[in-house]
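Novice: here is my input, please return the structure:
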Amino acid sequence: MRRRLINSTLSVVLVVIAVFGVSLFFVETRTIESSARDRLEAEAARLLADVESRLAAGQPVTAEDMRASAPADRHVVIELVGRPAIRLGEPAGEAPMETSQTGTHGETVTVQQPRSVVSDEIARMLMIILVVSLLAVAAAALLAVRQARRVSAPLTDLAETAERLGSGDPRPRHRRYGVAELDRVADVLDTSAERIARMLTAERRLAADASHQLRTPLTALSMRLEEIVATEDREIVKEEATVALAQVERLTDVVQRLLTNSRDARLGSAIGFDLDEVVAQQMEEWRPAYRSAGRALVRSGKQGQRAVGTPGAVAQVLATLVENSLMHGAGTVALRIRVTGNQVVVEVTDEGPGVPKELGARVFERTVSGRNSTGLGLAVARDLAEADGGRLELLGQHPPVFALFLSREFEREAQGGA
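Specialist: Alright, predicted model coming up:
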C-alpha cells in the first residue's frame, strides 16, 4: 500500500510538471525570441536616428564616428547612398538574428546578433525549469513518503491489534493517529477489545464458579447415593432417593443461576420462604458427611422465621459455610438463627482455629484463601447473598462466626402495604 501511495502521488506530480513545464518552455522561448528581436529593432532605430542627425548636421558618417554608438556585441551594417557600406563589430555567423531600419534619405542600418545568444538564454531558462521540476519531484516524493507512512503505519498497527484480538489478547491499546477515519477504527477496536475482555472474564469466572459451586451439591449427592448403595432397606432407599432427587433439583437451580450469572430484582425472583425448611434441608444433607468425619452438626435459636430471598441461593450459601466448617474447621458445627431488627440472621460457627488474623474480611475476596483452597467459595456465597438483597459477613475470627443476613418477610409486606 505504501508503494502504491507513493507511486500515485509521484505520477500526479509528474503529469502536472509535464503539462505546465512544456507549456512554460514554449511560452518562455517565444518571449525570449520576441525580446531579442525588440532589442535589435530598438538598437537599429537608435543608430538610424544617429546617422540621420549627423547627415542633417553635415557631419561625416564613418566607422570611427559610429563605433562609439554601436553595441560591441552586435554586427552593424550602415549603408549610405553612393558610399561604401560601413561594417562594425564581428560577423554574427550563419543564420543570425537581424533587423533593418531605412531612413528618409535612403540610408539603411542593419543590426545582427548571433543566434547562440538567444539559444544560450533559452538553455538557461530550460535549466531553471528542470531544476525547479526536480525540486518539485523531490518535495513531492518526501511528502508522499511521509503521507504513506502516516497512513500505512497506523493500518499496520491496527492490523496487529486485530491479530492480537484474534489470538486471545483483548487488551485495548488506546492509540490514536491524528486521522479521523483511522481513529474511528481504533475506537471500535478498543471498544471491541474491552467487550471481549469482559466476556472472557465473565466466562472464566463462570467456569471457576461452576467448578466450585457444583462440587458441593455433587459431593452431597454422591454421599447420598453411597447411602442408598450401602443399605438394603427399601424404606431407607426410598427416603434417600427422595432426598437425592431434591438435591438434583437444587443442583439444577445452581446451574441455572450460574448461567444467568446475575438477577434483576424487578423480575420478582426473591420471594418469602420458610427459613427453617432450608436450614433443616442442609442439616439433613450434611449429617452423613459429618457422621463420617466423627463430628456433629447442630442447630439452635429462633424457629418459625420467614425470610425474603431465593431459597436455592440461600441453601447454596449455607451449604458453602457448612462445607467450609467441615473442611477447615473442627469440632461441632452450629447453625443458629436469630432476629435483629427487620432482619433474620443465620450464624454458622465451629470449634476450629478460625480465620487467620492477616486475612480478616479479605476472606471473601476471590483467590484469597488461608487453607490452600481455591478461594472462590465465600466470594461466590457473598455474591449470591447480595443478589438476594442480603449480606454475608464474618462476625468473629476465633472461633469463626459467619453470618448470613436476610430481610424478614413481614418487612416486604409492610413496604407493599405502604
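
Novice: hey, let's count contacts and neighbours off CA atoms from now on
Specialist: Noted.

Novice: next SSE after the helix or strand hosting G272?
Specialist: G272 is part of strand 271-274, with elements assigned from DSSP states H and E. Using DSSP H and E, the helix or strand that follows strand 271-274 in sequence is helix 275-292.

Novice: which parts of that next one are buried?
Specialist: 275-279, 281-283, 285-290 (16 or more other Cα atoms under 10 Å).

Novice: list the helices and strands it packs on?
Specialist: Here helix 275-292 touches helix 215-230, strand 297-301, strand 306-309, helix 311-328, going by 3 or more Cα pairs under 8 Å, 6 or more residues apart in numbering; DSSP states H and E.

Novice: roughly how far apart are T191 and E163?
Specialist: As judged by Cα to Cα, to the nearest Å, T191 and E163 stand 15 Å apart.

Novice: and for E43?
Specialist: According to Cα to Cα, E43 stands 79 Å off from E163.

Novice: ranges for the helices of this structure?
Specialist: 2-57, 63-67, 115-166, 180-213, 215-230, 234-260, 275-292, 311-328, 377-387, 409-417 (DSSP state H).

Novice: avg pLDDT for the longest one?
Specialist: Which is helix 2-57. If you average the pLDDT over helix 2-57, you get 87.

Novice: can you check the last one too?
Specialist: Summarised as a single mean, pLDDT over helix 409-417 is 50.

Novice: do the second one as well
Specialist: When the per-residue pLDDT values of helix 63-67 are averaged, the result is 82.

Novice: show me what it is packed up against.
Specialist: Using 3+ Cα pairs under 8 Å, 6+ apart, the elements in contact with helix 63-67 are strand 86-88.

Novice: recalculate using a threshold of 10 Å.
Specialist: helix 2-57, strand 75-79, strand 86-88 (3 or more Cα pairs under 10 Å, 6 or more residues apart in numbering; DSSP states H and E).

Novice: and the first one, by the same measure?
Specialist: Counting contacts by 3+ Cα pairs under 10 Å, 6+ apart, helix 2-57 is packed against helix 63-67, strand 75-79, strand 97-102, strand 108-113, helix 115-166.

Novice: okay, angle between that helix and strand 108-113 too, please.
Specialist: Counting by axes from the mean of the first three to the mean of the last three Cα atoms, to 10 degrees, helix 2-57 lies at 150 degrees to strand 108-113.

Novice: now do helix 2-57: distance to the chain's middle.
Specialist: Relative to its chain's centre, helix 2-57 lies at 57 Å (Cα atoms, centre = their mean, to the nearest Å).

Novice: how far off strand 97-102 does that helix point, in degrees?
Specialist: Between helix 2-57 and strand 97-102, the angle comes out at 30 degrees (the same axes, to 10 degrees).

Novice: tilt between helix 2-57 and helix 115-166?
Specialist: Using the same axes, to 10 degrees: helix 2-57 against helix 115-166 is 160 degrees.

Novice: now the angle from helix 2-57 to strand 75-79?
Specialist: Using the same axes, to 10 degrees: helix 2-57 against strand 75-79 is 30 degrees.

Novice: before we move on, the earlier item: so E43 and E163 - more neighbours on which side?
Specialist: Comparing E43 with E163 by other Cα atoms under 10 Å, the one with more neighbours is E43, at 23 against 13.

Novice: now the more buried one: how far from A63?
Specialist: 17 Å.

Novice: now E163
Specialist: 92 Å.

Novice: cool, and E181?
Specialist: Taken as Cα to Cα, the span from E181 to A63 is 81 Å.

Novice: so which of the two has more stuff around it?
Specialist: Remark: of E181 and A63, A63 carries more neighbours, 15 against 10, as counted by other Cα under 10 Å.

Novice: shaky segments in the chain?
Specialist: For the chain, applying pLDDT under 70 flags the ranges 1, 202-217, 220, 250, 253-270, 367-376, 410-418.

Novice: tell me how it divides into domains.
Specialist: Split into domains by automatic domain parsing, the chain comes to 2-134, 214-261, 264-417.

Novice: let me have those domains in CSV, extended by distance to R173.
Specialist: Output for those, formatted as CSV (distance: least, Cα to Cα, whole Å):
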stretch, distance to R173
domain 2-134, 23
domain 214-261, 29
domain 264-417, 27
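
Novice: which of these sits most buried?
Specialist: Highest mean neighbour count among the domains of the chain (mean count of other Cα atoms under 10 Å): domain 264-417, with a mean of 18.

Novice: can you give me how far that one is from the chain middle?
Specialist: 44 Å.

Novice: ok so, going back, quick check: of the buried residues of helix 275-292, which lies closest to A241?
Specialist: E285 (12.0 Å; Cα to Cα).

Novice: and that closest one, how far is that from L245?
Specialist: 12 Å.

Novice: overlap of the contact sets of those two?
Specialist: L221 (Cα atoms under 10 Å, 6 or more residues apart in numbering).

Novice: contact partners for Y290?
Specialist: 283, 296-297, 322-323, 326, 332-333.

Novice: just the closest of the residues you listed to S100, please.
Specialist: Using Cα to Cα, E323 is the member of these that lies nearest S100, at 125.2 Å.

Novice: wait, that closest one touches G377, no?
Specialist: Yes - the criterion here is Cα atoms under 10 Å, and E323 meets it with G377 at 9.5 Å.
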